[in-house]
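**Student:** need coordinates for the following:
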Amino acid sequence: MLLSLLLLFHLLGFILALDALMTARTSQGATAWVISLITLPYVAIPLYWFFGRSKFEGYTSARKEAEEVVANKLKNRLTKIEKYVPQDSSLGSFEKSLQHLAKMPYFQANELELLIDGEKTFASILEGIAKAKEYVLLEFYIVRDDTLGRKVQQSLIKKAQEGVKIYFIYDEIGSHQLPESYLNTMREAKIEVYNFHTQKGIKNRFQINFRNHRKIVIVDGITSWLGGLNIGDEYLSQKKKFGHWRDTHLKITGPSTIAVQKTFIEDWYWATEKHIENLRWTPLLSQKENKKVLIVPSSPSDIVETASLMYLQAINAATERIWISSPYFIPDRAIIKALQLAGLRGVDVRILIPAKADHILVYLAAFTYFENIAVTGVKFFRYNDGFLHQKVMLIDSLHATVGTANMDNRSFRLNFEIAALISDKAFAQEIKMMFEEDFKNSYALDIAQISHEPFLFKLITRLARLTSPVL
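**Tutor:** Numbering: from 1, shown residues only. Predicted structure coming up:
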């Protein structure tokens with residue numbers, strides 16, 4: 001009996017090793033899984049079931065069905081939409097490449113508001129919800145049953161009682177502490193609330209590796225919000241552990257909200273297998289500004305690695321500066337080489353990361369990258385006025401991104417993410433000023449000091465780096 005069980009484990013390990021060989025997105029990942037599944041199948045098989053797959057099965061087909069519905073909605077409105085799409089001749093090669101990557105066009109005639117930190121962000125979101133006339137769409141990675149969580153909940157219930165339709169998606173892994181009573185209170189108010197169902201489908205059944213990391217709010221198809229902030233008191237700097245929570249969100253009023261809404265609809269169909277009728281698909285022209293915005297959604301079901309390619313193209317395109325802010329810094333080889341080359345070109349490359357750690361393994365693993373990258377002139381800064389959580393980029397003096405993706409393997413390959421790429425000099429200047437304030441509250445890393453750290457510290461950081469594929 002025992003011998004049969006051992007043989008079964010080894011046979012299953014061999015089969016899963018073939019699966020890893022054919023599906024892993026990196027050669028390093030494939031090598032690690034193949035060796036462990038063949039030599040230690042008793043340990044590796046359960047780990048592979050939970051963490052091994054790099055492809056999210058089924059979402060692509062669900063997305064296509066949702067896209068068809070959206071396409072039918074837009075079919076009779078194409079002429080209205082096309083006038084908000086800038087002509088190809090007005091786009092540079094960087095903009096064109098990202099447009100192809102996003103599989104949707106830039107839209108102009110947008111009004112933007114940069115929202116710095118939680119108080120300003122949630123004041124804006126709650127004001128937007130209060131003004132909703134037809135519907136509100138929400139999608140968050142983390143939702144907490146705390147002061148902010150209940151404030152958002154009550155604002156949604158109030159609008160539902162006024163006849164406004166509310167549709168809410170949360171990630172069941174990110175929101176694993178959210179009690180059922182919180183959800184039932186909303187359901188009793190006729191709010192449609194669902195988890196994202198990352199374990200839906202036979203091949204995803206055991207997976208806890210995929211997360212819907214998007215943070216989206218859409219009101220009436222006119223205004224949208226996206227960025228780094230989840231729903232919880234810590235995002236309002238109300239938790240002693242982190243103190244000041246430094247984060248950034250973006251409010252978009254105008255045609256690009258249609259692109260954000262399209263992303264939500266695809267996720268909604270995956271989660272519920274239902275379509276939402278009577279949404280607004282006719283873009284609203286901003287009367288105040290004419291910002292050019294590209295919405296770039298990314299997911300583990302993409303044919304190419306959209307999030308990492310966006311970062312990679314931004315770094316490669318920079319000629320003057322590339323400033324990146326991310327709470328986590330675990331780049332892959334392509335990103336490392338791109339940063340090194342940018343430094344060699346004389347580009348002002350600055351990476352802003354937190355001085356505090358919320359995930360200790362991620363914090364430690366980052367130390368293994370600093371020396372290798374800094375040798376070409378790349379500068380690293382530690383933000384020390386609380387915890388830095390924003391995901392923002394500044395490319396030269398024209399382009400900037402605000403989004404949800406961190407600079408790590410999880411965001412590049414395993415998470416559902418979204419970013420707004422803004423190509424506008426005035427907005428880029430606003431982002432530059434924000435960065436400069438953040439640098440004032442930061443200190444430059446002494447790379448030479450890292451090289452003199454004791455052996456034990458270096459060993460611990462190297463061991464932490466081994467976990468980076470699933471961090």
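
**Student:** where exactly do the strands run in the stretch 101-250 of the chain?
**Tutor:** If DSSP state E, counting those that start in this stretch is used as the criterion, the strands of the stretch 101-250 of the chain fall at 107-116, 135-140, 165-170, 192-195, 211-212, 216-219, 223-227, 245-246, 248-253.

**Student:** pick out the shakiest of the ones you listed, pLDDT-wise.
**Tutor:** Lowest mean pLDDT within the strands of the stretch 101-250 of the chain: strand 211-212, a mean of 89.

**Student:** report all helices and strands that that strand contacts.
**Tutor:** Strand 211-212 is packed against strand 415-423, with contacts defined by 3 or more CB pairs under 8 Å, 6 or more residues apart in numbering; DSSP states H and E. The way it works is simple: take the backbone N, C-alpha and C, and place the C-beta from them, glycine included.

**Student:** cutoff 10 Å now
**Tutor:** If contacts are counted by 3 or more CB pairs under 10 Å, 6 or more residues apart in numbering; DSSP states H and E, strand 211-212 sits against helix 256-272, strand 415-423.

**Student:** tell me which of the ones you listed sits most buried.
**Tutor:** Among the helices and strands packed on strand 211-212, strand 415-423 has the highest mean neighbour count (mean count of other CB atoms under 10 Å), at a mean of 26.

**Student:** next SSE downstream of it?
**Tutor:** Following strand 415-423 in sequence order, the next helix or strand is helix 425-440 (DSSP states H and E).

**Student:** that following helix to strand 248-253, inter-axis angle?
**Tutor:** Counting by axes from the mean of the first three to the mean of the last three CA atoms, to 10 degrees, helix 425-440 points 160 degrees away from the direction of strand 248-253.

**Student:** which residues touch helix 425-440?
**Tutor:** 110, 112-114, 116, 246, 248, 250, 289, 291-293, 321, 323-325, 350, 352, 379, 381, 383, 385, 388, 390, 392-402, 422, 424, 442 (CB atoms under 10 Å, 6 or more residues apart in numbering).

**Student:** okay, buried residues for that helix please.
**Tutor:** 427-428, 430-431, 434-435, 438-439 (16 or more other CB atoms under 10 Å).

**Student:** okay, the residues you listed in TSV with distance to Asp145 next?
**Tutor:** Listed next are the buried residues of helix 425-440 as TSV, based on distance: CB to CB, whole Å:
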residue	distance to Asp145
Phe427	36
Ala428	39
Glu430	35
Ile431	34
Met434	32
Phe435	34
Asp438	31
Phe439	36
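
**Student:** returning to what we had before: I'd like to know which of the strands of the stretch 101-250 of the chain is closest to Ile35.
**Tutor:** strand 211-212 (26.7 Å; CB to CB).

**Student:** name every strand pairing with that closest one and say which way it goes.
**Tutor:** Partners of strand 211-212 in the sheet, by DSSP bridges, are strand 415-423 (parallel).

**Student:** hang on, the earlier thing: now, among the buried residues of helix 425-440, which is nearest to Ile360?
**Tutor:** The shortest approach to Ile360 among the buried residues of helix 425-440 belongs to Asp438, at 22.9 Å (CB to CB).

**Student:** what's across from the closest residue to Ile353 other than its chain neighbours in the sheet?
**Tutor:** Nearest residue to Ile353 in three dimensions, chain neighbours excluded: Phe329, at 5.1 Å (CB to CB, 6 or more residues apart in numbering). Taking DSSP bridges as the rule, Phe329 bridges to Met407.

**Student:** number of residues surrounding Phe329?
**Tutor:** Residues lying near Phe329 (other CB atoms under 10 Å) number 23.

**Student:** isn't it right up against Leu352?
**Tutor:** Yes: judged on CB atoms under 10 Å, Phe329 makes contact with Leu352 at a distance of 9.5 Å.

**Student:** tell me, how many residues neighbour Trp225?
**Tutor:** Applying other CB under 10 Å, I find that Trp225 has 24 neighbouring residues.

**Student:** my error: substitute Leu11 in the last question.
**Tutor:** 11.

**Student:** how's this protein carved up into domains?
**Tutor:** Domain ranges of the chain: 2-52, 59-91+105-293, 306-470, per automatic domain parsing.

**Student:** now render the ones you listed as a markdown table, adding distance to Leu98.
**Tutor:** Formatted as a markdown table, these follow (distance: least, CB to CB, whole Å):
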| stretch | distance to Leu98 |
| --- | --- |
| domain 2-52 | 21 |
| domain 59-91+105-293 | 9 |
| domain 306-470 | 6 |
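
**Student:** can you flag the weakest of these by average pLDDT?
**Tutor:** domain 2-52 (a mean of 65).

**Student:** ok, the residue nearest to Ile353 - contacts?
**Tutor:** Contacts of Phe329 (CB under 10 Å, 6+ apart): 335, 351-354, 362-363, 365-367, 369-370, 373, 380, 406-408.

**Student:** could you measure from it over to Met393?
**Tutor:** For Phe329, the distance to Met393 (CB to CB, to the nearest Å) stands at 13 Å.

**Student:** find residues that contact each of these two.
**Tutor:** Residues touching both Phe329 and Met393 by CB under 10 Å, 6+ apart: Met407.

**Student:** with that, I have no additional questions.
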